[in-house]
Structure formats: structure tokens, C-alpha cells
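[1] have a look at this prediction, sequence included:
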Amino acid sequence: MDIARAPTIWTDLLGSEVRFRGKKYRTRTIEAGEGPPLILMHGIGGHAEAFSRNIRRLSKQYRVIAMDFVWHGFSSKPPVPKAMHPVYADQVLDLMDDLGCANASLEGESLGGWIALELALNRPDRVDKLVLNTAYGVRLQTEAVKEDTEKGLVQLRDRSVAAISNPTREVVRKRLEWLMASPDRVTEELIDVRHAIYAMPETQVSLKAVFETAFDPRRVDQLIDEERLSAITAPTLVLWSEKNPGLGPEAGKRISKLIPGAEFHCVADAGHWSQWEQAEEHDRVVLDFLHRR
């Protein structure tokens, strides 16, 4: 696609509604559509616009709610604890309560996938179907899956810390380029959005603490042991990408084999953000899965 003629976030989200929801947490959402609820959860350092290219298409058949996690975007920014994932999970439940949803289907990208897994394991009564989009958070057996930590977590850590410490457009661009299989897929508008969020003083404080905590090597103890995945009962799609930095498709394949009945799909020519880079394929695969399962 000619980047100069690519649809803008604004045109992608025409007809959507930006709201603030929740009782325990102030959660910003982008919402559209009617039908069974589908909650979209972004990765670390991200925000609801990570799914801007998907919301309208998915909302033709589902009530789609893309959210900002706490400490991110325009959601509330309480003190950052040593264990953040229980707070994220509690926030999603708070959002569901405010929406009046007994349960919902969840798509989690990266960090969002970890939180989706936490909910599927600890609150299966609240989870309908599960889409794990290049999900982080599983402690995989090292002999089974090769991880390139230099291109993965190390580079993500360095670019994340740099972007929140010195949020110039160029530094923010480098952080966004980590997400893509091809750097020219980072649009100027996406940089505008991320730069505006990272330039907010309260976001700089909160995300600095998030990154310091999230990338602490000792945090590995908080990951989900792969053996626990056999307890997941929700129908699950593991959606991976061909060029995901750090953990390639073999990681997604292993996760799909560990979750009973899970499906696996690999998106070609995509990095960490298949929902942005290959939006039509992402939406087609997700909708097909949700319909069949």
C-alpha cells in the first residue's frame, strides 16, 4: 500500500465512540458495534489506537471495545506495584462490570495476551473466547523454543526507555519501528499519536515506572509456566506473525499445542503488530475463529 494514501486513524475510526468507563479504574475505551462483546487489549507502552485499523470491521458483527490499560494512554495512573498483571486483569473485570458483560471474548496483543491468559486461567467464567496475538507472558521451555533476546526484549526495553525518557519524534519512531516487519509502515500520524501520549508528564512518570518494573530480569518469576496452559478451557486462537521479533512462529505453535483444542495461524510479512500491518487478514482470521468457535 502506498503509505501516502494509507487510511488515517481518524478515517478508520469514523463512527466509533471514545468513552471513559469503570468504577475502580478510569479506563479510556474506543467502542463500536453491537452484539457479543469483544475486548481488545494492547501491548506494553501502547494504547487503544493499536487496533484502529480493526475496530470498524470487527464491529460489524461484535460489540468491540479497545481499551487503554492503566498507566497507559488516557486511563488512570495509580502507583505502580511490583506485580502489575493482577492490576491489569482487575481493570479488565472492572471494565466488563461497567459494560454490563457477564463475559466477553478477549484479544490480547503482547502484554494484552498475558492478561487474557491470566483471566482465562483465574476467571474462566468471565472469558468466552480467546485470541492470543503474539502474546507475551508464558515461560516456555528453552530447549523447545529459541528466543533471540537481543532482537526481542533487550531491544524493546532499550527503545521503550529511550522513548519515554526523551520523547522526540525520531526516538518515538524507533520504538514504533520495533513493532513492524518493515519500518515504512510506521505512519507519521501514528508517530503523532504516540508522541503526544508520551509527552504528557503524567504518562512519563507512569510508563517510566512500568518499564523499570516490566523489564526487571527478576520479573521472570511472574510469568505463566507453560504447564498451566493445559487448564485453559476457553476456545483459543493463537495468532502469531512470521517476523515477530525475539520469538518466532515456533513459540506460537508451542503455545497452541499446550492449550487444549487451540488453533494456530501465522500471518506472513508481519512483525509484532499483525493487526496493523496485515489488518484485513487479521480481521478475517479472527472473525472466522469467533464464528466457528
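    Noted; the coordinates are in hand. This structure is a prediction, so every number in the text was calculated from the model and none was measured.
[2] hey, where'd the helices end up in the stretch 101-250 of the chain?
    Assigned by DSSP state H, counting those that start in this stretch, the helices in the stretch 101-250 of the chain fall at 111-122, 155-165, 169-177, 188-198, 201-214, 249-258.
[3] and the fifth one, what's buried?
    Residues of helix 201-214 classed as buried under the neighbour-count rule (16 or more other CB atoms under 10 Å) are 203, 206-211, 213-214. Glycine gets a C-beta too; all of them are placed from N, C-alpha and C.
[4] which other helices and strands does it contact?
    helix 155-165, helix 188-198 (3 or more CB pairs under 8 Å, 6 or more residues apart in numbering; DSSP states H and E).
[5] to residue 227, which of those lies closest?
    helix 155-165 (25.9 Å; CB to CB).
[6] and the contacts of the closest one?
    44-45, 171-172, 174-175, 178, 194, 198, 203-204, 207-208, 211, 215, 245-246 (CB atoms under 8 Å, 6 or more residues apart in numbering).
[7] on that earlier part again, redo the helices and strands packed on helix 201-214 as a markdown table? Include mean pLDDT.
    What follows is the helices and strands packed on helix 201-214, written out as a markdown table (pLDDT from 0 to 100):
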| stretch | mean pLDDT |
| --- | --- |
| helix 155-165 | 97 |
| helix 188-198 | 97 |
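[8] so among the contacts of helix 155-165, which ones count as buried?
    Among the contacts of helix 155-165, the ones that count as buried (16+ other CB under 10 Å) are 44-45, 171-172, 174-175, 178, 194, 198, 203, 207-208, 211, 215, 245-246.
[9] which residues of this protein score low on pLDDT?
    By pLDDT under 70, the weakly predicted segments of the chain are 1-6.
[10] if you set the cut-off to 80 instead, what comes out?
    Counting by pLDDT under 80, the low-confidence segments of the chain come to 1-7, 142, 144, 218, 220.
[11] tell me where it has strands.
    For the chain, the strands defined by DSSP state E occupy 17-21, 27-32, 37-41, 63-67, 104-109, 127-133, 138-139, 224-225, 236-241, 263-267.
[12] can I get the ones you listed in a markdown table including mean neighbour count?
    As requested, the strands of the chain are exported to a markdown table (neighbours: other CB atoms under 10 Å):
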| stretch | mean neighbour count |
| --- | --- |
| strand 17-21 | 14 |
| strand 27-32 | 22 |
| strand 37-41 | 26 |
| strand 63-67 | 26 |
| strand 104-109 | 26 |
| strand 127-133 | 26 |
| strand 138-139 | 18 |
| strand 224-225 | 14 |
| strand 236-241 | 26 |
| strand 263-267 | 19 |
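[13] save those as CSV, and put in distance to residue 254 too.
    Formatted as CSV, the strands of the chain follow (distance: least, CB to CB, whole Å):
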stretch, distance to residue 254
strand 17-21, 35
strand 27-32, 32
strand 37-41, 22
strand 63-67, 28
strand 104-109, 17
strand 127-133, 12
strand 138-139, 9
strand 224-225, 13
strand 236-241, 9
strand 263-267, 10
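[14] ok, back up a step: what's the most distant pair in the buried ones among the contacts of helix 155-165?
    Most distant of the buried ones among the contacts of helix 155-165, by CB to CB, are 203 and 246, 24.9 Å apart.
[15] now, among the buried residues of helix 201-214, which is nearest to residue 23?
    Closest to residue 23, out of all of these and judged by CB to CB, is residue 206, at 20.3 Å.
[16] and stretch 22-31, C-alpha only, in PDB?
    Output in PDB follows, covering the C-alpha atoms of stretch 22-31 (Å, rounded to 0.1, in the frame of the first residue of the first chain):
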ATOM      1  CA  GLY A  22     -15.000   1.800  35.000                       C
ATOM      2  CA  LYS A  23     -15.700   2.100  38.700                       C
ATOM      3  CA  LYS A  24     -12.400   1.100  40.300                       C
ATOM      4  CA  TYR A  25     -10.300   2.500  37.400                       C
ATOM      5  CA  ARG A  26     -10.800   5.200  34.800                       C
ATOM      6  CA  THR A  27     -10.500   3.300  31.600                       C
ATOM      7  CA  ARG A  28     -10.500   5.000  28.200                       C
ATOM      8  CA  THR A  29     -12.200   3.000  25.500                       C
ATOM      9  CA  ILE A  30     -12.800   3.200  21.800                       C
ATOM     10  CA  GLU A  31     -16.100   1.400  21.100                       C
END
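[17] start at 3 instead
    In the new count, where the first residue is 3, that last one comes out as stretch 24-33.
[18] give me the residues contacting it.
    Here stretch 24-33 has contacts from 15, 18-23, 50-51, 53-54, 57, 65-70, 72, 75-78, 80, 92-93, 96-97, 99-100, using CB under 8 Å, 6+ apart.
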